[in-house]
Each structure stands twice: as structure tokens, then as C-alpha cells.
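Visitor: Below is the sequence, then the predicted model.
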Amino acid sequence: MRNHCSPNALSRGEHAGQLTLFQIADLSNDPGIVSTADVLTLLDADAAVAIGVSGGKDSSAVAIRAVEYLDSVGHRGPRILIHSDLGRIEWRQSLPVCERLAKYLSLDLVVVRRQKGDLVDRFWQRWQDNVRRYAALSCVKLILPWPTSAMRFCTGELKTAVICRELVRQYPGNNIISVSGIRREESSSRAKAEIAETQPKLHSVRSKTRGIDWRPILNWTKAEVLHYLSAKHFALHEAYTAYFSSRVSCAFCILSSHSDLVASSACEANAEVYRELVRLESESTFAFQATRWLSDVAPHLLSPEQRDIACEAKQRGSLREAAEARIPGTLLYIKGRPTRIPTVDEAELLAEVRQIVARVVGLSIDFTDAHAIRSRYHELLLAARAA
């Protein structure tokens, strides 16, 4: 087994065989990287290493630092950078930054994309699917088109799933380490992230692969990231330097702060997708963020007609919310199925609410009277029991 770090580089314990956590540093006094016994075992076996890059500061830093470490331990397995291109919602400079990083590290850059359209297409598809579900009373309340902090299908579907599928295809019969630049300082949820953990989507019986996610710079601070990239003479994305955004992900992200949304809207290249997202806000009557309408961020990018439509959408959204607030919680579905049949009075209330929602949002729906609604609940209950 190759020696992965000097005795002075171990943060806990005295012998590698006794450790579950390693703090690995080099002689340059950078913040070092963290690893686990599982990661070291796979590296020793020359597993394939794929470093996810977005063009942002954290993925750039982790790519450079991880490659330095792989070189220092004599890793001989394949290495690539991999970027999931989210399409129109990306900052235009993101892919060029990833390409520049690949050249800097002399690594191949693999670019993957969702086959059925980009992330904006996925938002529209989700909205259309949710409208159909509502029309068929397959959900009780109308469902928003956007991801939420608790349901980030954007990351799961357009990043993790697409990247893992490509890695399994590229490396049949191999162990795979998927590297990311997640840092604990970024959020309360990421503060709880593991250094390394099994990635089920890298496990394939057919392709004979298995793999893990590894987060080497989990403990780094933002200041350390910026200092490290400066020391390595790697220029930052223009989102930071020209528009003063604090992060690079989607140009307009459901997790962005107001200042970051304003920064994105200041970039002329982002104006078209801004207007497209506002159009979906207006059609759906759902704000882009829980407490913020995207149409309020940069109204100067909208035509007078678009501003009027957006203003009306807020009013219609308020009417929808007020109507749906009248629905008793016991009538809501659990895992897509009702728990009981509504009483006649409850079904009449639900029929009234559905008619209001359909009218203010502009939908054509079925099940608009009490009898039809009770029959639909009965049908769904029977299907749930038979499943």
C-alpha cells in the first residue's frame, strides 16, 4: 500500500489502520484536505476519480487541490473533470471556466446534459405534469413548478443522476470516486455533510461498478478558497469579479439571495432566461422563491405588458392560496393517495375550491362536483389497497 500522508499530517490517531478521518496537508500550509479510510483504500487501488466542476470557486479549488493530492500519493487511475451543463439558466462563462480549468490541470473535461431538454425545459415539463395531475385530482393542491430547498430535483435529476450515469458508462468494472467542492460553511444542511459516503447511483450490477462521493475541502472557509485560488493564479468566474455574485450555480437559483439575483440580472446575457422564468411565474401563479417573486428583482428587464401580467399573477396567486387554505388537512393525500373519503359537505367545499383555482389560474379540470370528487377518492383508495 502506498503511503498517503506523513505521520504529521494525521489529525486523529497514530496509525492509518486505526483512522476513520484524515486531515491531509502538504508543505505549502494550505488548508489541507479531508479523507476517510474508504477513500484511501479506493485511491490505493487506483479507482477512477471524477471531479465535478461548475465554473464556481469551490469546484475550481477542489479540482486543483485534489489533483495535487492524487499526484502526491502516486494515484495511477483515470481522472477527469465532469460538468453538467444545465442549459439556458447557466451563466455563459461557466463552461469556458471549466474548459480553462481542464487545460490548467491537463485533464479531459466531460460535459453531460439532460437528454430531454435543459433545466428551464424541466421546469415547464414539471408544471405541465402538475397541471395534468391537478385536473385528474391526482393531487389535492396545485403543485409549484420550481424546486424547493427540501426538494431539489434540479440537483438530483440534472446533476447527480446525469453525472453518475455517464461515469458508470465510462468506467465499467471500476471503482469510482466522485469528488465535489461542497463546504460545511455554505449552509446548515451542508454543515452536516459526510466527508465521504456511498453513492448508490454509481452502483451498477450490469456494469460492475461501485462508487463513493468524496468532499475533500468540506472544512475550508470561503476566505481559504479565495486565497488558495489566488495563490494558484487561477482567475475567478466573471460572476464574482464583474457582477459581485457570492456564488455560481444557476444564474437564477431558488436558493439565491436577493443580492445574487440582482447581480445575475445585471448581466445582459441572463436577461432572456430571466424573462422566461418570469413567464412561468406568471402562468403558474407561483413565485420563484417562497418569499420573493423573480418579477420584482429586475422589472426593468420586462416590457410594460410583461410587468402588468406579472402583477396580475401575484393577485391570482393570492386568490389560489386563500382558496386552498380552506381545505382540511385530512383531505390531503399521503404518498399520492387519500386516507379517507370526504363527507358530502367536505366534497362540496373541495369542489368550490377546485373551481376557484381553475378559474384564477386558467385551467381546465375534471371532478368539479361533490359526487365526482367522492367517487375519485374512493377509486384512489381502492387502488392504494390493491397495490
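Guide: Done, it's in. These numbers come from a predicted model, not from an experiment.
Visitor: Might one say that A102 is in contact with L95?
Guide: No. Contact status for A102 versus L95: not in contact, 10.5 Å apart, counting by CB atoms under 8 Å. All C-beta spots, glycine's among them, are computed from the backbone N, C-alpha and C.
Visitor: What residues sit buried inside stretch 317-329?
Guide: When burial is assessed from 16 or more other CB atoms under 10 Å, stretch 317-329 yields the following buried residues: 317, 320, 323-324, 327.
Visitor: Out of the residues you listed, which sit inside helices?
Guide: Using DSSP state H to define helices, the subset of these located there is 317, 320, 323-324.
Visitor: got a list of what L167 touches?
Guide: If a contact means CB atoms under 8 Å, 6 or more residues apart in numbering, then L167 has 48, 50, 82, 176, 178, 202, 209, 211 as its contacts.
Visitor: same thing but 7 Å
Guide: Remark: with contacts taken as CB atoms under 7 Å, 6 or more residues apart in numbering, L167 is in contact with 50, 176, 178, 202.
Visitor: any idea which of these is the one closest to T285?
Guide: Minimum distance to T285 across the contacts of L167 is 38.2 Å, recorded for S178 (CB to CB).
Visitor: Now for that closest one, how many residues are close by?
Guide: 23 (other CB atoms under 10 Å).
Visitor: Doesn't it lie inside a helix?
Guide: No. Judged by DSSP: H, G, I helix; E, B strand; the rest coil, S178 forms no part of a helix; its state is strand.
Visitor: hang on, it packs against A48?
Guide: No. Distance between S178 and A48: 9.4 Å, which falls outside the contact criterion (CB atoms under 7 Å).
Visitor: what pLDDT does S149 get?
Guide: Per-residue confidence (pLDDT) for S149: 83.
Visitor: give the contact list for it.
Guide: Contact partners of S149, counting by CB under 7 Å, 6+ apart, are L255.
Visitor: overlap in contacts of S178 and A48?
Guide: Shared contacts of S178 and A48 (CB under 7 Å, 6+ apart): none.
Visitor: Redo the buried residues of stretch 317-329 as CSV? Include distance to T343.
Guide: Shown next, in CSV, are the buried residues of stretch 317-329 (distance: CB to CB, whole Å):
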residue, distance to T343
G317, 29
R320, 24
A323, 19
E324, 19
I327, 13
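Visitor: Let me have those residues in CSV, extended by pLDDT.
Guide: Rendered in CSV, the data for the buried residues of stretch 317-329 read as follows (pLDDT from 0 to 100):
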residue, pLDDT
G317, 98
R320, 98
A323, 98
E324, 98
I327, 97
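Visitor: Spell out which two among those are the most distant pair, please.
Guide: Using CB to CB, the buried residues of stretch 317-329 span at most 16.3 Å, a distance reached by G317 and I327.
Visitor: For burial, what's the neighbour tally of E312?
Guide: By the criterion of other CB under 10 Å, E312 has 13 neighbours.
Visitor: you'd agree it is in a helix?
Guide: Yes. Using three-state DSSP, the secondary structure at E312 is a helix.
Visitor: Nearest residue to it in space, please, no chain neighbours.
Guide: Beyond its immediate neighbours in the sequence, the residue positioned closest to E312 (CB to CB, 6 or more residues apart in numbering) is S282, lying 7.6 Å away.
Visitor: Just to be sure, the one you found is in a helix?
Guide: Yes. The assignment for S282 is a helix, going by three-state DSSP.
Visitor: isn't it right next to C311, touching?
Guide: No. Using CB under 7 Å, S282 makes no contact with C311, being 9.1 Å away.
Visitor: Looking at these two now, which is surrounded by more residues?
Guide: Applying other CB under 10 Å to S282 and C311 shows that S282 carries more neighbours, namely 23 against 14.
Visitor: Would you map the helices across the stretch 51-200 of the chain?
Guide: Counting by DSSP state H, counting those that start in this stretch, the stretch 51-200 of the chain forms helices over residues 57-72, 94-105, 119-135, 153-155, 162-170, given from the N-terminal end onward.
Visitor: how about the CA coordinates for the last one, as CSV?
Guide: The C-alpha coordinates for helix 162-170 follow below in CSV (Å, rounded to 0.1, in the frame of the first residue of the first chain):
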residue,chain,number,x,y,z
VAL,A,162,-26.8,12.5,-15.3
ILE,A,163,-23.2,12.6,-14.0
CYS,A,164,-23.4,9.2,-12.3
ARG,A,165,-24.9,7.6,-15.4
GLU,A,166,-22.1,8.9,-17.5
LEU,A,167,-19.4,7.7,-15.0
VAL,A,168,-20.9,4.2,-14.9
ARG,A,169,-20.9,4.2,-18.7
GLN,A,170,-17.3,5.4,-18.9
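Visitor: Chain neighbours aside, what residue packs nearest to the residue nearest in space to the middle of the chain?
Guide: Taking CA atoms, centre = their mean as the criterion, T155 is the residue nearest the geometric centre of the chain, at 2.4 Å. Spatial nearest neighbour of T155, chain neighbours left out: P147 (7.8 Å); criterion: CB to CB, 6+ apart.
Visitor: OK, contacts around that neighbour?
Guide: 153-154, 254 are the contacts of P147 under CB under 7 Å, 6+ apart.
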